[in-house]
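Participant: the sequence and its predicted three-dimensional model are supplied below.
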Amino acid sequence: MGQEKIESLSVDKMARDLSAFAIDRTDLKELLSLIPADSNLNMTTIEYELQLLKILSVGWALSFFMPQTDKSKGLLTRIFWENIREISGNISTLTQTTTGKFVDYFGILKERLNTYLEALQKTPETSQNPAVIIGPVFASACFSDNNPAVILTGTKMFALTLGAVKDYLNAVKIDDIKLN
């Protein structure tokens, strides 16, 4: 098996790619389709929470898979979250325009992040496999505590997103010379 060519990208391009991936709904729709139709679950809530979880999981993946010594890690992470803040602002504006009610989407992301972090901190023995905590916390956020299908859906979203970002980071390198 030959070695694959690693693509050189600017930090900005990587952040844009990761932001686009974070809000892409393709895998989200696939996971939702696996939940039994007769489950009497609030699919709108699950879909909403899955999107939040996916965005947060991309951010976590940057922390998990980029070495602390990588001088681009901080910049990439900052630009990624700036992009997400901008996207969140657009979602908030659209929501206000269509419903007449202000929703701080980025604030909701931060709240949900804190919820997941609190649960992870309460059980530090799971630090090697945080997915065992993420699934149940996701189900709780969906008002579906202890529902195996919802727990599995959250666990899968977390694991698949981490894996996809890890694969992406392994396939590219940061080229400090490129501006775009």
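Facilitator: Structure received.
Participant: any idea how far the closest residue to residue 66 other than its chain neighbours lies from residue 153?
Facilitator: Spatial nearest neighbour of residue 66, excluding adjacent residues (Cβ to Cβ, 6 or more residues apart in numbering): residue 73 at 4.4 Å. Placement of C-beta: from N, CA and C, glycine included. Using Cβ to Cβ, to the nearest Å, one gets 30 Å for the distance from residue 73 to residue 153.
Participant: which one's more surrounded, the two?
Facilitator: The residue with more neighbours, out of residue 73 and residue 153, is residue 153; 26 against 17, by other Cβ atoms under 10 Å.
Participant: just the CA coordinates for the helix or strand hosting that one, please, in CSV.
Facilitator: Following DSSP states H and E, one finds residue 153 within helix 148-171. The C-alpha atoms that make up helix 148-171 are tabulated as CSV, following Å, rounded to 0.1, in the frame of the first residue of the first chain:
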residue,chain,number,x,y,z
PRO,A,148,-31.2,3.0,24.3
ALA,A,149,-31.9,4.3,20.7
VAL,A,150,-31.2,7.9,21.7
ILE,A,151,-28.2,7.0,23.8
LEU,A,152,-26.8,5.1,20.9
THR,A,153,-27.5,7.9,18.4
GLY,A,154,-25.6,10.4,20.6
THR,A,155,-22.8,8.0,21.1
LYS,A,156,-22.5,7.3,17.4
MET,A,157,-22.6,11.0,16.5
PHE,A,158,-19.8,11.7,19.0
ALA,A,159,-17.6,8.8,17.9
LEU,A,160,-18.2,9.3,14.1
THR,A,161,-17.4,13.0,14.3
LEU,A,162,-14.3,12.4,16.3
GLY,A,163,-13.2,9.8,13.8
ALA,A,164,-13.9,12.0,10.8
VAL,A,165,-12.0,14.9,12.2
LYS,A,166,-9.1,12.7,13.2
ASP,A,167,-9.0,11.3,9.6
TYR,A,168,-9.1,14.8,8.2
LEU,A,169,-6.2,16.0,10.4
ASN,A,170,-4.2,13.0,9.4
ALA,A,171,-4.8,13.8,5.7
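Participant: average pLDDT across that helix?
Facilitator: If you average the pLDDT over helix 148-171, you get 96.
Participant: contacts for whatever helix or strand comes next after that helix?
Facilitator: For helix 148-171, the following helix or strand on the C-terminal side (DSSP H and E) is strand 172-174. Applying Cβ atoms under 8 Å, 6 or more residues apart in numbering, the external contacts of strand 172-174 come out as 6-11, 14, 70, 72, 76.
Participant: now the helices for the protein?
Facilitator: For the chain, the helices defined by DSSP state H cover 11-23, 26-33, 43-65, 73-99, 105-122, 131-141, 148-171.
Participant: how far does the last one sit from its chain's centre?
Facilitator: Distance of helix 148-171 from the chain centroid (Cα atoms, centre = their mean, to the nearest Å) equals 9 Å.
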